[in-house]
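**Student:** this one's sequence-less:
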């Protein structure tokens, strides 16, 4: 996989992606200095819905494809479109643990957010996550090349736990996961990851893996998420919450065993 700084991405017009006739959210007419270009949308949003697109080739062959997501507001209007860039061998050999870049574009085809998750061979176990080499992490850039924050796994006895950091790696939010982060045909409720303040107790938001229906969950790995946060949260932290949602998706719900 190419180094993130050297990747040249040709962002194609996303208007043809997703369901035909999908309505896009209009650009808010605001003039607030310091907001990264494209994040103006997030000033008027307190919830995002992330719908992974079904890949028929993957469903039929069980060969891992690059993931694509429509990111919508609570009214169903599309805000962003996200698509993965990863190495074929990484997807086949490393599965959900693969390293990747996630490019997030708006309705003007501008790449407004870039996510980078490095490949770590021995990462993911919550018991060892206090060690940097064993902790899953994702970096959030907006605009691409400008780091605005991170989300990283932290050590815990059983439940998955994360910290959301700003660009200086200061903890701003904490995420507490459930004891069992999976869904089956006998357990179809949403799987909630609570977003809390720095005390780890005061709940300020939530990341939820939603049940997508029998066919979608059993036959495919296409997942639906919702991500809620305070309306007045800084837009950079909202972008970091998007990154946290993708990290959780790949760690727990891209595994084939969790969709069966």
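**Tutor:** On my side now, so go ahead. The structure presented is a predicted model; accordingly, all values stated were derived computationally and were not measured. Residues are numbered from 1 along each chain as shown.

**Student:** for the rest of this, base every contact and every neighbour count on C-alpha atoms.
**Tutor:** Will do.

**Student:** any idea how far residue 156 is from residue 58?
**Tutor:** Separation of residue 156 from residue 58 (CA to CA, to the nearest Å): 34 Å.

**Student:** I should have written residue 99 there, sorry.
**Tutor:** Residue 99 is 19 Å from residue 58, by CA to CA.

**Student:** just want to know which of these two has more residues nearby.
**Tutor:** residue 99 (21 against 15; other CA atoms under 10 Å).

**Student:** ok, and the closest non-adjacent residue to the more buried one?
**Tutor:** Once flanking residues are discounted, residue 99 sits nearest to residue 119: 4.1 Å by CA to CA, 6 or more residues apart in numbering.

**Student:** so who does the one you found touch?
**Tutor:** 97-100 (CA atoms under 8 Å, 6 or more residues apart in numbering).

**Student:** the same query, at a cut-off of 7 Å, please.
**Tutor:** By CA atoms under 7 Å, 6 or more residues apart in numbering, residue 119 lies in contact with 97-99.

**Student:** could you check the pLDDT of it?
**Tutor:** Per-residue pLDDT puts residue 119 at 92.

**Student:** where does it fall, helix, sheet strand or coil?
**Tutor:** coil (DSSP: H, G, I helix; E, B strand; the rest coil).

**Student:** okay, now the unreliable bits of the stretch 101-250 of the chain?
**Tutor:** Where the stretch 101-250 of the chain drops to pLDDT under 70, the residues are 181-188, 212-222.

**Student:** now the residue nearest to residue 99: how far from residue 95?
**Tutor:** Separation of residue 119 from residue 95 (CA to CA): 11 Å.
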